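Asks: Next come a sequence and a model predicted from it.
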Amino acid sequence: MTKSANTMWGGRFAAGPDAIMQAINASIGYDRRLAPQDIAGSRAHAAMLAACGIITDSDAAAIREGLLTVLSEIETGDFPFSTALEDIHMNVEARLRDLIGEPAGRLHTARSRNDQVAVDFRLWVRDQCDQADAALAALQSALLGQAEAGADWVMPGFTHLQTAQPVTWGHHMLAYVEMIARDRSRFADARKRMNTSPLGAAALAGTSFPIDRQMTADALGFDRPMSNSLDAVADRDFALDYLASASICAMHLSRLAEELVIWSSAQFRFVKMSDKWSTGSSIMPQKRNPDAAELIRAKIGRIFGANVALMTVMKGLPLTYSKDMQEDKEQTFDAADNLMLALAAMTGMVTDMTAQRDNLKAAAAGGFSTATDLADWLVRELGLPFREAHHVTGSLVAMAEGKGCDLPDLTLDDMRSVHDGIRTDVFDVLGVENSVASRTSFGGTAPSGVRAQVAHWKEVLK
Ligand code: ARG
């Protein structure tokens, strides 16, 4: 079957592409998502061409009106997308020609699909940085709400997932607020770095037309035009910066998700997940499964995957544009969609979950969690070197373990049999509330410090 050649570039072609060629070549199945950015880029370009006297004002006006019609057709779902036209750029331009005729053919003056796709995708990724930032701010607020409510609720702090020292619920929630603040600053960094315009680089070498690249950069909200036309069309660092930031962010989400899975189990009972974020089992009536947390934990795989995939696409590519680079979009879209979904679900879960204050406190006292407080007391009150205090405390822990009790349940005589300097006021430091209250060093878990941090973050997030 002979097909006609592509009307956009088929001048020198006698026959159309093979069906399989069309299938491997076309990106319209996914890059249609770039339509708003493509039209914004074209509008900026057309206005600049007219301002620089490269096309007439009336052609620019026809192009502008036509592009607005195309955009509304796409928004209402009336747009006739064509695989034969390969990608969003040629679909939009072909439709523009149907709508306005000859002036449409002047839009591509001093431009190539190479700088066109570079600008479209950059605008899209930039927007994702902004959306991620807003979603992360919402998650911070949800965590802050938990932190404020439970600034002085004691819970076990863990290392190796073994009870380490008592901490406060508020302190634990604020740890994630800090992580997310770094995520936000990574996205902000990436956004700042990517905010330069490739438009006007044309195919790769620039153009002989007297264009004004600052004008299109300004119109699209970029800080300035990119300085090297080869770099402008060959660069996908901006997407990699985004995906790297998204990967670290997703890794943080997976850690919190993992804690929610553990904490909501019957063995821990640290939190009760809301019905809104739990599912039941079709066979086991007692089950409340934390599926949303599990799915967030799992979704990092595809986000890491997108990052690695694009690194691999870009690796070893000679300058400038190669068609390999068309493979930049699909996985980035998927990563961004899943990051936003994970953030929304995490924010919902955190907002609606209920910390089980009594269970947290009971767990905080177990596992000899105040052993360090006892050792510190021996240092502070009896002047023991820390290593010796550690040893004495270890003996007391072994004794308590042997008796099947906790440290505060030992008698003074028990204690004095290990070290005869121990006095009755040692029992003051063995309670978990006293333990956390004593951790007043900067950044420590004392409720006073947590309240100060809550106040700080409330100000920041206002
Ligand atoms: N669909 C292409 C992409 O996403 C647009 C750029 C095509 N440029 C070219 N010279 N074939 O990369």
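Replies: Right, received. Where do you want to start? Numbering: from 1, shown residues only.
Asks: quick one: contacts for Arg302?
Replies: Taking Cβ atoms under 8 Å, 6 or more residues apart in numbering as the definition of contact, the neighbours of Arg302 are 331, 334-335, 338. For glycine as for every other residue, the C-beta is placed from the backbone atoms N, C-alpha and C.
Asks: Actually, Phe442.
Replies: Taking Cβ under 8 Å, 6+ apart, we find Phe442 in contact with Gly449.
Asks: same deal with His390?
Replies: Listed by Cβ under 8 Å, 6+ apart, the contact partners of His390 are Ala375.
Asks: same thing but 10 Å
Replies: With contacts taken as Cβ atoms under 10 Å, 6 or more residues apart in numbering, His390 has the following neighbours: 371-372, 374-375, 378-379, 384.
Asks: Select only the buried ones of the residues you listed in ChimeraX?
Replies: In ChimeraX syntax, the buried subset of the contacts of His390 is picked out as below (16 or more other Cβ atoms under 10 Å):
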select :371,372,374,375,378,384
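Asks: Just give me the closest of the contacts of His390 to Gly77.
Replies: Sorting those by how near they are to Gly77, with Cβ to Cβ, puts Thr372 at the top with 63.4 Å.
Asks: what's the distance between the closest residue to that closest one other than its chain neighbours and the ligand?
Replies: Closest residue to Thr372 apart from its sequence neighbours, by Cβ to Cβ, 6 or more residues apart in numbering: Gln165 at 5.6 Å. Counting by Cβ to the nearest ligand atom, to the nearest Å, the gap from Gln165 to the ligand is 54 Å.
Asks: list the contacts for Gln165?
Replies: When contacts are counted by Cβ under 10 Å, 6+ apart, Gln165 touches 156-159, 364, 367, 369-373, 432, 435-436, 439, 445.
Asks: Check the secondary structure at Val167 for me.
Replies: Reducing the assignment to helix, strand or coil with DSSP: H, G, I helix; E, B strand; the rest coil, the entry for Val167 is strand.
Asks: So what's the residue count around it?
Replies: A count of neighbours around Val167, defined by other Cβ atoms under 10 Å, yields 26.
Asks: The closest residue in space to it that isn't next to it in sequence pairs with what?
Replies: Nearest non-adjacent residue to Val167, counting by Cβ to Cβ, 6+ apart: Gly157, 3.6 Å away. For Gly157, the beta-bridge partners are Gln165 (DSSP bridges).
Asks: re the thing from before, quick one: which of the contacts of Gln165 is most hemmed in?
Replies: Neighbours here are counted as other Cβ under 10 Å. On that basis the top member of those is Val436, with 29 neighbours.
Asks: rewinding a little: from Glu433, how far off is the residue nearest to Val167?
Replies: In this structure, Gly157 and Glu433 are 14 Å apart, going by Cβ to Cβ, to the nearest Å.
Asks: How about the residue of the stretch 201-350 of the chain found nearest the ligand, nearest residue that isn't a chain neighbour?
Replies: With distances taken as Cβ to the nearest ligand atom, the stretch 201-350 of the chain approaches the ligand most closely at Gln326, which sits 3.6 Å away. In space, and not counting its chain neighbours, Gln326 is closest to Ser27: 5.2 Å by Cβ to Cβ, 6+ apart.
Asks: which residues touch that neighbour?
Replies: 34, 83, 86-89, 117, 323, 326-327, 329-330.
Asks: Of these, which qualify as buried by neighbour count?
Replies: If you count burial by 16+ other Cβ under 10 Å, the buried members of the contacts of Ser27 come out as 34, 86-89, 117, 326, 329-330.
Asks: Spatially, which two of those are the most separated?
Replies: By the measure Cβ to Cβ, the buried ones among the contacts of Ser27 have their two most distant members at His89 and Glu330, which lie 16.3 Å apart.
Asks: wait, Asp352 sits on Met273?
Replies: Yes: using Cβ atoms under 10 Å, Asp352 is in contact with Met273, at 7.5 Å.
Asks: So for these two, which sits in the more crowded spot?
Replies: In this view Asp352 and Met273 are compared by other Cβ under 10 Å, and Met273 has more residues nearby, 21 against 15.
Asks: any idea which helix or strand carries Ser58?
Replies: Assigned by DSSP states H and E, Ser58 belongs to helix 57-75.
Asks: Could I get the buried residue list for that helix?
Replies: Within helix 57-75, the residues that qualify as buried are 59-60, 62-64, 66-67, 70-71, 73-74, counting by 16+ other Cβ under 10 Å.
Asks: Any idea how far apart the tips of stretch 272-280 sit?
Replies: The stretch stretch 272-280 measures 14 Å between its terminal residues, going by Cα to Cα, to the nearest Å.
Asks: where does the stretch 1-150 of the chain have low pLDDT?
Replies: Of all residues in the stretch 1-150 of the chain, those with pLDDT under 70 make up the ranges 1-4.
Asks: Does the ligand have contacts with stretch 100-109?
Replies: No: contact check for stretch 100-109 against the ligand, using Cβ under 6 Å from any ligand atom: none in range, with a minimum separation of 12.0 Å.
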